[in-house]
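Asker: Give the three-dimensional model of this entry:
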Amino acid sequence: MTPSERRAVAGLASVASVRLLGLFMLLPVLALYANQLKGATPFLVGLSVGAYGITQAFLQIPFGVASDRFGRRPVLLVGLAIFAFGGVVAATADHIGWVIIGRVMQGAGAVSAVLNALLADLTRDEVRTRAQAIFGASIGVSFMLSLMLGPLLADWLGVSGVFWCTVVLATAAFTGVAILAPQQTSTPVRSGAGGWTAVLADQRLRPLFGGIFVLHFLIAAAFVVLPFVLRDRVGLAPERHATLYLVTMLVAVIIAVALIGQVERHRAPHRFVAFAVACLVLSQVLFVLGGPSQVLVAAGLVLMFTGINFLEARLPAEVTLTATADRRGAALGVYASAQFVGIFAGGMVAGALLGQFAPEAVFAALGGMTALWLVVRLVQPAATRQGH
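Answerer: Numbers count the residues shown, from 1 in each chain. Next up, the predicted model:
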């Protein structure tokens, strides 16, 4: 990469990782916390985990299209300000309903597609996968740190304090964008529709949209159930969850980085995507079979985190390599919408299942979904892999 590309990737990775650190820190602690609030039910607990996904889902396409038309920077600033305000609402809540409202408002700061589009604007096609891998790796590091910091900060400040931390981090990201982001990097699109209907009709892109839906459905659903499994089945106190998450994430990051390093050296990187999806399938099998075994649950976490880290880097790179430049924001908007519909649906469905069945039922459902994704990926026509 050129020096300007390295600076762009480093700056955008910092903004994305700071913002997502705030969101991810809530994953390992929110379900246990929400369960203690006034009005809590298993369904509402699951909804509180995934609620931000619904507004993210509805607004990613408008934000992405707006960034094609008006530029990335102003849209980023608006989204980060909305996200911070939602954190304030959730931090001051004493009823699960207000936590859900705050999470919905956090989700209204739907800038993931805009950040990815800005990254694509500032890097050449031939280094896009590498740039997206670095970008994705920074998100993976945020994910890893959040699983360690979330339980520690919740024990120290309470979960409301963790929400206040999300406000501080969003403010830091806002400041970074205001100072560092270019005023205009995209070419304005004359069509107000931004080409998103054509994006939805693209047979090469649709499997990627479906894949990111399944991935984030799994993430949200797993973290509705895992805190209870670790506490009640494995017998691990909540303050010790951070250590298990940290160790398993470190191992997974090493494996994922090795996989990412192999992608650009092979003519068929889709095989590595299939391998990562297979890791997700096997992780859910181990969670079903694990019972009280910390070893099996830890092995499942390593496999799950490996799949998540690799796919978070590779899938958006595939989108940017497939979509045309004038529809890149729209394509990433649809992609991010599918991602956050998955988060919302995963949290809601896992909460509903957990209210009626044992945790193994949730893991079995997730295993079935990811197995179906693996089959689709393996039989996907060669035409949809063009450029991958």
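
Asker: Quick one: mean pLDDT over whichever strand or helix holds C165.
Answerer: Here C165 sits within helix 159-180, counting by DSSP states H and E. For helix 159-180, the mean pLDDT works out to 84.

Asker: Counting by contacts, list what it packs against.
Answerer: helix 3-24, helix 27-34, helix 72-91, helix 128-157 (3 or more C-beta pairs under 8 Å, 6 or more residues apart in numbering; DSSP states H and E). C-beta: built from backbone N, CA, C; applies to glycine.

Asker: For stretch 8-19, output the C-alpha coordinates as PDB.
Answerer: The C-alpha coordinates for stretch 8-19 follow below in PDB (Å, rounded to 0.1, in the frame of the first residue of the first chain):
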ATOM      1  CA  ALA A   8      -6.300   6.100   5.500                       C
ATOM      2  CA  VAL A   9      -6.600   2.500   6.600                       C
ATOM      3  CA  ALA A  10      -5.100   3.200  10.000                       C
ATOM      4  CA  GLY A  11      -7.300   6.200  10.600                       C
ATOM      5  CA  LEU A  12     -10.500   4.500   9.600                       C
ATOM      6  CA  ALA A  13      -9.600   1.400  11.500                       C
ATOM      7  CA  SER A  14      -9.200   3.500  14.600                       C
ATOM      8  CA  VAL A  15     -12.600   5.200  14.200                       C
ATOM      9  CA  ALA A  16     -14.300   1.900  13.500                       C
ATOM     10  CA  SER A  17     -12.600   0.000  16.400                       C
ATOM     11  CA  VAL A  18     -13.300   2.800  18.900                       C
ATOM     12  CA  ARG A  19     -17.000   2.900  18.000                       C
END
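
Asker: Flag every buried residue along that stretch.
Answerer: Using 16 or more other C-beta atoms under 10 Å as the burial criterion, the residues of stretch 8-19 that qualify are 8-9, 11-13, 15-19.

Asker: Could you export the residues you listed as a markdown table, including pLDDT and distance to A154?
Answerer: Shown next, in a markdown table, are the buried residues of stretch 8-19 (pLDDT from 0 to 100; distance: C-beta to C-beta, whole Å):
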| residue | pLDDT | distance to A154 |
| --- | --- | --- |
| A8 | 78 | 34 |
| V9 | 80 | 32 |
| G11 | 79 | 30 |
| L12 | 82 | 29 |
| A13 | 80 | 26 |
| V15 | 80 | 25 |
| A16 | 79 | 23 |
| S17 | 79 | 20 |
| V18 | 78 | 19 |
| R19 | 77 | 19 |
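
Asker: returning to that earlier point: orientation of the helix holding C165 relative to helix 72-91 in degrees?
Answerer: Counting by axes from the mean of the first three to the mean of the last three C-alpha atoms, to 10 degrees, helix 159-180 lies at 170 degrees to helix 72-91.

Asker: neighbouring contacts of the helix or strand following helix 159-180?
Answerer: Remark: after helix 159-180, the chain's next helix or strand is helix 196-201, criterion DSSP H and E. By C-beta atoms under 8 Å, 6 or more residues apart in numbering, the surrounding residues in contact with helix 196-201 are 61, 64-65, 205-206, 323, 327, 330-331, 333-334.

Asker: from the residues you listed, which would you call buried?
Answerer: 61, 64-65, 205, 323, 327, 330-331, 333-334.

Asker: hang on, I134 packs against L12?
Answerer: No - I134 lies out of contact with L12 (C-beta atoms under 8 Å); the separation is 9.6 Å.

Asker: So which of the contacts of helix 196-201 belong to helices?
Answerer: 61, 64-65, 206, 330-331, 333-334 (DSSP state H).

Asker: Just the endpoints, please. Distance across stretch 319-328?
Answerer: Length of stretch 319-328, first residue to last, C-alpha to C-alpha, to the nearest Å: 8 Å.

Asker: Which positions in it come out as buried?
Answerer: 319-323, 326-328.

Asker: Tell me the one among the residues you listed nearest to Q380.
Answerer: Minimum distance to Q380 across those is 12.6 Å, recorded for T322 (C-beta to C-beta).

Asker: can you tell me the helix or strand for the residue most central in space within the chain?
Answerer: Nearest to the geometric centre of the chain sits H216, at 6.1 Å (C-alpha atoms, centre = their mean). For H216, the host element (DSSP H and E) is helix 206-228.

Asker: same question, L374
Answerer: Using DSSP H and E, L374 falls within helix 359-379.

Asker: ok, back up a step: out of the helices and strands packed on helix 159-180, flag the one nearest V225.
Answerer: helix 27-34 (8.1 Å).

Asker: Mind giving me the packing neighbours of the closest one?
Answerer: Looks like helix 27-34 contacts helix 42-50, helix 128-157, helix 159-180, helix 206-228, helix 241-263 (3+ C-beta pairs under 8 Å, 6+ apart).

Asker: contact partners of it?
Answerer: Under C-beta under 8 Å, 6+ apart, the answer for helix 27-34 is 40, 44-46, 48-49, 96, 99, 146-147, 150-151, 154, 159, 162, 219, 223-224, 226-228, 231, 238, 241-242, 245.

Asker: so how far is the helix or strand hosting A336 off the chain centroid?
Answerer: Using DSSP H and E, A336 falls within helix 328-356. In terms of C-alpha atoms, centre = their mean, to the nearest Å, the centre of helix 328-356 is set 10 Å apart from its chain centre.

Asker: which strands and helices sit next to the helix or strand harbouring L115?
Answerer: Using DSSP H and E, L115 sits within helix 112-121. Applying 3+ C-beta pairs under 8 Å, 6+ apart, one finds that helix 112-121 contacts helix 3-24, helix 52-70, helix 72-91, helix 128-157, helix 294-322, helix 328-356.

Asker: least reliable of the ones you listed going by mean pLDDT?
Answerer: Among these, helix 128-157 carries the lowest mean pLDDT (a mean of 75).

Asker: V49 versus the nearest residue to F209 once chain neighbours are set aside, what's the distance?
Answerer: Excluding the flanking residues, the one nearest F209 by C-beta to C-beta, 6 or more residues apart in numbering is A338, at 4.2 Å. When distance is defined by C-beta to C-beta, to the nearest Å, A338 is 18 Å away from V49.

Asker: That'll do, ta.
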